[in-house]
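Peer 1: Could you work out the structure for the sequence below:
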Amino acid sequence: MTTPLKYRNELKFFVNIHQYHIIRERLRNLVAYDQHAGPSGEYHIRSLYFDDINNKALYEKLAGVRDRVKYRIRIYNVADDTIHFEKKIKFRDYIAKLKEPLTREMVNQIMAGQYECLYQPDKPLMMELYHEMKHKLLRPKVIVDYVREPYVCHNGNVRITFDKELRTGLHSTDLFNQHLLPIRAIDENLIILEVKYDEYMPDYIKIALQLDGLNRQSASKYVMCRKFLKYNTWEDQ
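Peer 2: Now for the predicted structure:
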């Protein structure tokens with residue numbers, strides 16, 4: 001039986017270093033760090049994004065298509081203890097996510113073009129990925145790399161994250177490379193603030209964030225890194 005999708009609100013903003021410090025200080029007495037955050041209050045995220053032969057995910061986003069999907073493999077702290085293949089779904093102003101765990105060996109097989117490990121009839125997402133790779137030539141496109149500072153508020157199931165040092169792996173798709181040296185894909189003074197919540201956001205969180213005064217943005221990290229890659233290399237030329 002397929003689990004019904006749970007859609008959430010998602011807001012994204014660019015904030016500068018000064019705004020980041022102000023907002024963080026307001027939040028610290030209102031919300032808690034995510035349980036997965038390390039001693040510094042952060043963790044590292046690296047995602048390998050996939051797209052099909054027509055770059056459907058990239059061009060739909062650039063064209064402003066409201067309902068769309070993206071596929072990625074995500075790891076944390078450049079380790080292989082937690083690996084997921086994820087499908088992020090955008091529906092109007094809402095988002096949902098499906099995911100399935102992978103092993104390091106499965107990732108190696110996928111990167112080698114061996115997709116049979118995804119053929120698991122009892123897992124709809126795995127079967128979808130298998131067919132996307134086999135029939136629509138879904139392939140790895142770019143590494144998206146950043147540091148996340150996460151906060152949670154159980155009232156309204158609010159999740160607030162500051163994503164810092166957005167970088168792209170350029171031509172490399174070596175997800176587990178400890179020496180990747182990705183290149184910054186965003187102005188060094190900018191941080192991406194993301195706010196996700198279910199049906200409502202508590203007023204005290206709204207007051208702390210003061211979202212109306214921030215620069216709301218719609219570009220995804222995937223698009224920012226793909227555009228950086230295109231403008232700074234010979235990709236697609």
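
Peer 1: Could you report the neighbour count for L11?
Peer 2: For L11, the neighbour count with other C-beta atoms under 10 Å is 17. (Each C-beta comes from the backbone N, C-alpha and C, glycine too.)

Peer 1: whoops, L27 was the one
Peer 2: 17.

Peer 1: and it, what pLDDT?
Peer 2: With respect to pLDDT, L27 scores 94.

Peer 1: and it, how far is that from C153?
Peer 2: According to C-beta to C-beta, to the nearest Å, L27 and C153 sit 9 Å apart.

Peer 1: got any residues that touch both of these two?
Peer 2: Common neighbours of L27 and C153 (criterion: C-beta atoms under 8 Å, 6 or more residues apart in numbering): I160.

Peer 1: strands paired with the lengthiest strand in the chain, and their directions?
Peer 2: Ranked by number of residues, the top strand in the chain under DSSP state E is strand 139-153. Sheet pairing of strand 139-153 (DSSP bridges) gives strand 32-33 (antiparallel), strand 43-51 (antiparallel), strand 158-168 (antiparallel).

Peer 1: if we look at the shortest one, which residues are touching it?
Peer 2: Same thing as strand 32-33. Residues contacting strand 32-33 (C-beta under 8 Å, 6+ apart): 41, 150-153.

Peer 1: again, 10 Å this time
Peer 2: For strand 32-33, the surrounding residues in contact (C-beta atoms under 10 Å, 6 or more residues apart in numbering) are 41-42, 149-154.

Peer 1: among the residues you listed, which two are most distant?
Peer 2: Within those, two members stand farthest from each other by C-beta to C-beta: E42 and H154, at 20.8 Å.

Peer 1: Looking at the two, which has the bigger crowd around it?
Peer 2: E42 (19 against 8).

Peer 1: so how far is M126 from the nearest residue to the more buried one once chain neighbours are set aside?
Peer 2: Leaving aside its sequence neighbours, E42 sits nearest to E149 (C-beta to C-beta, 6 or more residues apart in numbering; 4.9 Å). From E149 across to M126, the span is 32 Å (C-beta to C-beta).

Peer 1: Helices of this structure, residue ranges please.
Peer 2: Ranges of helices within the chain are 17-27, 56-63, 104-111, 124-135, 203-209, 221-232, based on DSSP state H.

Peer 1: What is the fourth one packed up against?
Peer 2: Read that as helix 124-135. Judged by 3 or more C-beta pairs under 10 Å, 6 or more residues apart in numbering; DSSP states H and E, the packing partners of helix 124-135 are strand 43-51, strand 68-76, strand 83-91, strand 94-101, helix 104-111.

Peer 1: For N177, state which of the contacts of strand 32-33 is nearest.
Peer 2: So of the contacts of strand 32-33, ranked by how close each gets to N177 (C-beta to C-beta), first place is E42, at 20.3 Å.

Peer 1: and the closest one, what does it touch?
Peer 2: Contacts of E42 (C-beta under 10 Å, 6+ apart): 33-34, 36, 77, 147-150, 161-162, 164.

Peer 1: Can you get me the start-to-end distance on stretch 130-150?
Peer 2: For stretch 130-150, the first-to-last residue distance is 32 Å (C-alpha to C-alpha, to the nearest Å).

Peer 1: Surely R216 touches F14?
Peer 2: Yes. R216 lies in contact with F14 (C-beta atoms under 10 Å); the separation is 8.2 Å.
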